[in-house]
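> Pasting a predicted model and its sequence here:
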Amino acid sequence: MKCLILAAGYATRLYPLTENFPKPLLKVGEKTILDWLVDDIDTLGLVDEYVVISNHKYAVHFDAWAATKPQKVTVVDDGTSTNETRLGAVKDIQFAIDKLALDDEMLVIAGDNVLDFSLTKFIVYAREKGTACVMRYYESDVARLRKSGVAQVDENDRIICLEEKPAEPKANWCTPPFYFYTKEDARLVKVGIEAGCGTDAPGSYIAWLSNQVPVHSMEMPGSRYDIGNLESYQKVQETYHGITK
């Protein structure tokens with residue numbers, strides 16, 4: 001299994017902290033955000049390579065971080081240097097697949113979130129389902145739903161409909177940027193792009209995929225801490241106590 005870490009954004013809302021430094025390598029407590037994620041995932045022993053997808057501006061920082069890790073970590077530079085020229089998450093995924101000739105099942109995650117529960121639970125869930133999978137959590141705030149991927153699911157956790165940033169949300173299930181692709185799903189990313197699926201938000205591919213094949217959704221067993229701006233980063237620093245579930 002490969003773990004693709006989406007880290008090619010520019011985190012402009014966190015300037016000046018991220019003006020010349022990538023958000024995933026900011027410290028939360030005693031570890032960087034990426035260390036929290038990778039060290040946890042690695043306890044399951046199923047991932048044989050971690051692929052950090054970076055922009056050109058920050059790639060050197062990820063290279064330095066990768067050199068400190070005992071796991072196999074490959075940094076892929078997508079060649080972009082500004083927020084305006086970024087490829088978008090889905091195209092970055094396909095860029096890494098092409099660059100490294102990847103043909104495997106994949107855990108695809110955003111590199112700028114921390115969780116208070118182990119992601120290994122999600123991997124086990126996805127392996128048991130044998131399909132593409134996402135996570136979900138209940139959100140009552142309509143304004144937040146409009147900025148997220150929103151899923152409708154049936155009684156068996158199968159996604160009926162998934163929309164990215166809907167103007168009129170049809171459910172209260174938010175889908176954070178953590179995804180599992182089977183090998184066959186990973187081969188369809190290029191097909192999805194060519195079919196016109198959105199490419200900026202990573203959930204756009206899963207939204208398209210859920211209309212082609214079964215996709216399941218696991219309810220999150222804990223909380224996700226999204227670091228979007230300086231205020232949220234300060235709050236995470238004060239409240240995050242590591243993986244406790």
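Good, I have the coordinates.
> centre of the chain versus stretch 37-47, how much separation?
Centroid separation for stretch 37-47 versus its chain: 15 Å, with Cα atoms, centre = their mean, to the nearest Å.
> so what pLDDT did residue 201 get?
At residue 201, the model reports a pLDDT of 87.
> among the helices and strands of the chain, which has the poorest mean pLDDT?
Sorted by mean pLDDT, DSSP states H and E, the helices and strands of the chain end with strand 224-226, the least confident at a mean of 86.
> Show the subsequent helix or strand relative to it.
Remark: after strand 224-226, the chain's next helix or strand is helix 230-239, criterion DSSP states H and E.
> Confirm for me that residue 208 is in contact with residue 199.
No: contact criterion Cβ atoms under 8 Å: residue 208 and residue 199 do not qualify, at 10.4 Å. Glycine gets a C-beta too; all of them are placed from N, C-alpha and C.
> just checking, what packs against the helix ranked longest in the chain?
As assigned by DSSP state H, the longest helix anywhere in the chain is helix 89-100. Of the remaining helices and strands, those touching helix 89-100 by 3 or more Cβ pairs under 8 Å, 6 or more residues apart in numbering; DSSP states H and E are strand 2-7, strand 49-54, strand 73-77, helix 189-194, helix 203-209.
> Now render the ones you listed as CSV, adding distance to residue 15 and mean neighbour count.
CSV is the format used below for the helices and strands packed on helix 89-100 (distance: least, Cβ to Cβ, whole Å; neighbours: other Cβ atoms under 10 Å):
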stretch, distance to residue 15, mean neighbour count
strand 2-7, 17, 25
strand 49-54, 18, 24
strand 73-77, 22, 20
helix 189-194, 30, 17
helix 203-209, 25, 25
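> Now render these as TSV, adding distance to residue 243.
As requested, the helices and strands packed on helix 89-100 are arranged in TSV below (distance: least, Cβ to Cβ, whole Å):
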stretch	distance to residue 243
strand 2-7	16
strand 49-54	18
strand 73-77	20
helix 189-194	29
helix 203-209	24
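> which one of these lies closest to residue 150?
Counting by Cβ to Cβ, residue 150 lies closest to helix 203-209 out of the helices and strands packed on helix 89-100; the figure is 9.3 Å.
> following that closest one, which helix or strand comes up?
Defined by DSSP H and E, the subsequent element after helix 203-209 is strand 215-219.
> Give me the mean pLDDT for that following strand.
The average pLDDT within strand 215-219 is 97.
> Equivalent analysis for stretch 80-97, please.
On average, stretch 80-97 scores 91.
> quick one: contacts for residue 184?
residue 213 (Cβ atoms under 8 Å, 6 or more residues apart in numbering).
> Which strand or helix spans it?
Short version, using DSSP H and E: residue 184 is in helix 183-187.
> picking that back up, pull out the buried residues from the longest helix of the chain.
89-97 (16 or more other Cβ atoms under 10 Å).
> what distance separates it from the centre of its chain?
14 Å.
> swap in stretch 222-231?
13 Å.
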